[in-house]
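J.: how does the following fold in three dimensions:
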Amino acid sequence: MSDMATTISETYGLPIRRFSVDDYHRMGEAGIFDDDERVELLDGLVITMSPIGNRHAQAVRKLDKILQAQLGDRAIVDAANPLRLGRYSEPEPDVKVLRQPLAAYEDRPPSPADALLVIEVSESSLKKDRGPKLRSYAESGVRELWIVDLVHEHVEVHEEPVGERYRRSRVLRRGEAIAPAAFPEDAIAVADILPAQKGS
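T.: Next up, the predicted model:
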């Protein structure tokens, strides 16, 4: 049983019925979720996604534009689409960088092996992104995760997944640059991702 489900089960003594990704898709096809309802599947639990504010949306736009320009045809930059992590998790990261070719995803969703980089932009979702989402990405073998923390205005880099955690983690701030491990020559200024400072 998943960590989240285990916590609920042990705390309240309730049996938990986890949903598989296939169950989740059937629920969507059956119209169980409202058309404008934003949800994702983590550890077999359907989780409501936080509303996207302007700072969040702008950071995603910046990342998409920068990565598209820098990586060109060497990778696929994919924003706000699902990533199937296994039988029980299918989150929707804000941005991910996928291996080519694009045609590989015609008949199947991207998997952790396809993801060169996953990026979550965090403001109201910070606790979830650092907790169950990070754990799900690590467990499934996502090789590199960036969390763009709009609250504290820095970028967390997590690499080398081992079990539920990442072996290496570091924080980068304005004045520093960051590059995907798969493309070490393609550095991005942290300041170019974060919201503009007032007065600048």
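
J.: centroid-nearest residue for the protein?
T.: Nearest to the mean C-alpha position of the chain, counting by Cα atoms, centre = their mean, stands Pro93 at 3.1 Å.

J.: so Arg26 sits in a helix?
T.: Yes - under DSSP: H, G, I helix; E, B strand; the rest coil, Arg26 falls within a helix.

J.: any idea how many residues pack against it?
T.: Using other Cβ atoms under 10 Å, Arg26 has 12 other residues around it. To be clear about C-beta, it is placed using only N, CA and C from the backbone, and glycine gets the same treatment.

J.: what's the answer for the one 5 residues further on, then?
T.: When counting by other Cβ under 10 Å, one arrives at 8 neighbours for Gly31.

J.: for it, which three-state class applies?
T.: Assignment for Gly31 (three-state DSSP): coil.

J.: which residue ranges form the strands in this protein?
T.: Here the chain has its strands, by DSSP state E, at 39-42, 45-48, 76-79, 95-98, 115-122, 144-149, 154-162, 165-172, 177-178, 188-189.

J.: okay, now the sheet partners of the longest one, with direction.
T.: The strands beside strand 154-162 in its sheet (DSSP bridges) come out as strand 144-149 (antiparallel), strand 165-172 (antiparallel).

J.: can I get that strand in CSV? Just the C-alpha atoms.
T.: C-alpha atoms of strand 154-162 as CSV (Å, rounded to 0.1, in the frame of the first residue of the first chain):
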residue,chain,number,x,y,z
HIS,A,154,14.7,29.4,-5.5
VAL,A,155,15.0,26.2,-7.5
GLU,A,156,15.5,22.8,-5.8
VAL,A,157,17.4,20.2,-7.9
HIS,A,158,16.9,16.5,-7.0
GLU,A,159,19.0,13.9,-8.8
GLU,A,160,19.9,10.2,-8.5
PRO,A,161,16.7,8.5,-7.3
VAL,A,162,17.1,5.8,-4.6
